[in-house]
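In: starting from these lines, generate the structure:
(4 chains)
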Number of protein chains: 4
Amino acid sequence: MYKARGEKYWFIPDGYIPEKSSGELTSHESVCVLNTSSDEALLRFTIFFEDREPMEDILHVVPARRTRHIRTSSLMKDGAPIPIGVPYAIEVQSDIPIIVQYSRLDSTQAENTLMSTMAFAVK
Amino acid sequence: MYKARGEKYWFIPDGYIPEKSSGELTSHESVCVLNTSSDEALLRFTIFFEDREPMEDILHVVPARRTRHIRTSSLMKDGAPIPIGVPYAIEVQSDIPIIVQYSRLDSTQAENTLMSTMAFAVK
Amino acid sequence: MYKARGEKYWFIPDGYIPEKSSGELTSHESVCVLNTSSDEALLRFTIFFEDREPMEDILHVVPARRTRHIRTSSLMKDGAPIPIGVPYAIEVQSDIPIIVQYSRLDSTQAENTLMSTMAFAVK
Amino acid sequence: MYKARGEKYWFIPDGYIPEKSSGELTSHESVCVLNTSSDEALLRFTIFFEDREPMEDILHVVPARRTRHIRTSSLMKDGAPIPIGVPYAIEVQSDIPIIVQYSRLDSTQAENTLMSTMAFAVK
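Out: Numbering: from 1, shown residues only, chains lettered A, B, ... in the order given. Sure, this is the predicted structure:
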């Protein structure tokens, strides 16, 4: 049996899906999750906005001993995705400890640019 | 009632508002704040410099269950903004726990570049 | 005798070796390790994927009082490298405390872009 | 009296001074330090390499209630700077708690790129 490593609550205040892409690469964000354990992890996303109620209870499974690089544009609540070009923030809750990193590729202008940070873990 | 998550003291040593922009995007920094709780958060910014006294007691409110992506160019003390092209550092104090991330978009040269990091939390 | 600083378990969920390079610089990732102690550190990498079993027990030595910036493309298991263009995640275990930072240079398009973050430490 | 915030030991495994610059901006790294206290902070840098002995006891003062964005190219030991184009790592020790962030601007190719991360704090 492999142990679950990390924490159960993770936060990413700077969410933003760029409106434009150019060149070879598409602008996108990824919430990268690692589940080191022998059990699958059930994730529950909450998406917070500047001026409206949060989108709650978006579910996602990460299998045992696997990583998932989840594109934020794939997260749906009742068929509706996160709106593009709008500042938002992400909460990830998991039923077992996981590790979460956030990265964004922006190709609004001709050359792409990357940013990345570990999400903030709360015990 | 939703719980306040995170910490009350956050620090960002590398503040810098680029003097130039080019292309489609404007150079800027954002202090991205997430308030997960059912109460509003009252933020108090202190801006530190290399060679002069700090700007203190810049206030900002983040409503309950909301995020705010605060442009540093919008922070004012007695009508005066943070000077551009000058190295500085940021302290964010909040009356309830929050989570803080810092990002900079620099478009000094034709293509933009991004950097981001969680602010440093002190208990 | 110099003391070992840091932690023994480190995680990087967002691993990715870009398929393309252009311009002067080659796309690559580095796992940057600092061993502050008077003893050498024995590292054991595990590489996790989205849809297959992990690559385990890739060993690497960091000498006493040295840093190593390890290119992920140099990590081999039974002669096989980490595949390029595939999302993966990295676990680094060390027999003594070390400090680990992860950086990626992507030159898929004509101008290079950088991202970096401290790996996530688990006690 | 203002309180010293942060930690006394900070580490940055991925140090690298790019050999080239192009366009308007010069490639450089900054170790950005914030001293929130009413006392000055005395910093002691150690620079670690891949294949030679560390450079030790490089001293730097950060005044009370000030930030310093220290260019790594300005750090000298017996008149010798950190070599360029060589992987290295940084330890920052301070006599009082401080906060440390590391950023790199690389303009090897025509457009600049940025990366940034908080340094890793050890209690």
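
In: hmm, the strand ranked longest in chain A in reach of chain B?
Out: In chain A, with assignment by DSSP state E, the single longest strand is strand A:88-106. Yes: Strand A:88-106 is in contact with chain B by C-beta under 8 Å from any C-beta of the partner chain, via A:88-89, A:91, A:104, A:106. C-beta here means a position set from N, CA and C on the backbone, and glycine is covered the same way.

In: now do stretch A:39-56
Out: Yes: contact of stretch A:39-56 with chain B (C-beta under 8 Å from any C-beta) involves A:48-51, A:53-54.

In: what would these look like in a markdown table with pLDDT, distance to D:Val31 and secondary structure?
Out: Formatted as a markdown table, the residues of stretch A:39-56 next to chain B follow (pLDDT from 0 to 100; distance: C-beta to C-beta, whole Å; DSSP: H, G, I helix; E, B strand; the rest coil):
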| residue | pLDDT | distance to D:Val31 | secondary structure |
| --- | --- | --- | --- |
| A:Phe48 | 98 | 33 | strand |
| A:Phe49 | 98 | 36 | strand |
| A:Glu50 | 98 | 34 | coil |
| A:Asp51 | 97 | 38 | coil |
| A:Glu53 | 97 | 42 | coil |
| A:Pro54 | 98 | 38 | coil |
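
In: just checking, A:Glu91 touches A:Phe11?
Out: Yes: using C-beta atoms under 8 Å, A:Glu91 is in contact with A:Phe11, at 5.6 Å.

In: chain B: which of the residues of stretch A:39-56 next to chain B is nearest?
Out: Of all the residues of stretch A:39-56 next to chain B, chain B sits closest to A:Phe48, with 4.7 Å by C-beta to the nearest C-beta.

In: wait, what's in contact with that closest one?
Out: Shown in contact with A:Phe48 (C-beta atoms under 8 Å, 6 or more residues apart in numbering or on different chains): A:54, A:88-91, B:34, B:36, B:65-67.

In: try it again at 6 Å.
Out: A:54, A:89, B:67 (C-beta atoms under 6 Å, 6 or more residues apart in numbering or on different chains).

In: which of these count as buried?
Out: A:54, A:89, B:67 (16 or more other C-beta atoms under 10 Å in any protein chain shown).

In: which strand residues bridge the second one?
Out: The residues listed as beta-bridge partners of A:Ala89 by DSSP bridges are A:Phe48.

In: residues contacting the residue nearest the centre of chain A?
Out: Note on chain A: the residue nearest the mean C-alpha position is A:Val31, at 2.9 Å, using C-alpha atoms, centre = their mean. The contact partners of A:Val31, taken as C-beta under 6 Å, 6+ apart, are A:70, A:102.

In: give me the element it is part of.
Out: Element membership for A:Val31 (DSSP states H and E) is strand A:28-35.

In: rewinding a little: hey, what's the residue nearest to the centre of chain A bridged with?
Out: Under the criterion used (DSSP bridges), A:Val31 bridges to A:Ile70, A:Tyr102.

In: other residues contacting stretch A:99-113?
Out: For stretch A:99-113, contacts defined as C-beta under 6 Å, 6+ apart pick out A:6, A:10, A:12, A:18, A:20-23, A:25, A:27-34, A:92, A:114-119, B:23, B:111-114, C:11, C:13-14, C:109, C:111, C:113, C:120, D:111.

In: just the buried members of the residues you listed?
Out: Among the contacts of stretch A:99-113, those scoring as buried are A:6, A:10, A:12, A:18, A:25, A:27-34, A:92, A:114-119, B:111-114, C:11, C:13-14, C:109, C:111, C:113, C:120, D:111 (criterion: 16+ other C-beta under 10 Å).

In: and chain A, which residues reach chain C?
Out: By C-beta under 6 Å from any C-beta of the partner chain, the part of chain A that sits against chain C consists of A:5, A:23, A:32-34, A:65, A:67, A:69, A:99, A:101, A:103, A:111-118.

In: which regions of chain A lie under the pLDDT threshold?
Out: A:24, A:109-111 (pLDDT under 70).

In: in contact with the closest residue to A:Ser30 other than its chain neighbours, which residues?
Out: Closest residue in space to A:Ser30, ignoring its immediate chain neighbours: A:His69 at 4.6 Å, by C-beta to C-beta, 6 or more residues apart in numbering or on different chains. Going by C-beta under 6 Å, 6+ apart, A:His69 touches A:30, A:32, C:87.

In: repeat that with 8 Å
Out: A:30-33, C:13-14, C:16, C:50, C:87.

In: over to A:Ala64?
Out: A:2, A:35, A:37-40.

In: and for A:Glu91 and A:Phe11, which residues touch both?
Out: B:5, B:34, B:36.

In: my read: A:His28 touches A:Ser73, true?
Out: Yes: counting by C-beta under 8 Å, A:His28 does reach A:Ser73; the two are 6.3 Å apart.

In: any common contacting residues for the two?
Out: Counting by C-beta under 8 Å, 6+ apart, the common neighbours of A:His28 and A:Ser73 are A:Ile17.

In: quick check: buried residues in stretch A:51-58?
Out: A:54-55, A:58.

In: er, stretch A:86-97 actually
Out: Quick answer for stretch A:86-97 (16+ other C-beta under 10 Å): A:87-94, A:96-97.

In: how about JSON lines for these, with distance to A:Lys77 added?
Out: Output for the buried residues of stretch A:86-97, formatted as JSON lines (distance: C-beta to C-beta, whole Å):
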{"residue": "A:Pro87", "distance to A:Lys77": "18"}
{"residue": "A:Tyr88", "distance to A:Lys77": "12"}
{"residue": "A:Ala89", "distance to A:Lys77": "15"}
{"residue": "A:Ile90", "distance to A:Lys77": "13"}
{"residue": "A:Glu91", "distance to A:Lys77": "13"}
{"residue": "A:Val92", "distance to A:Lys77": "15"}
{"residue": "A:Gln93", "distance to A:Lys77": "15"}
{"residue": "A:Ser94", "distance to A:Lys77": "18"}
{"residue": "A:Ile96", "distance to A:Lys77": "23"}
{"residue": "A:Pro97", "distance to A:Lys77": "25"}
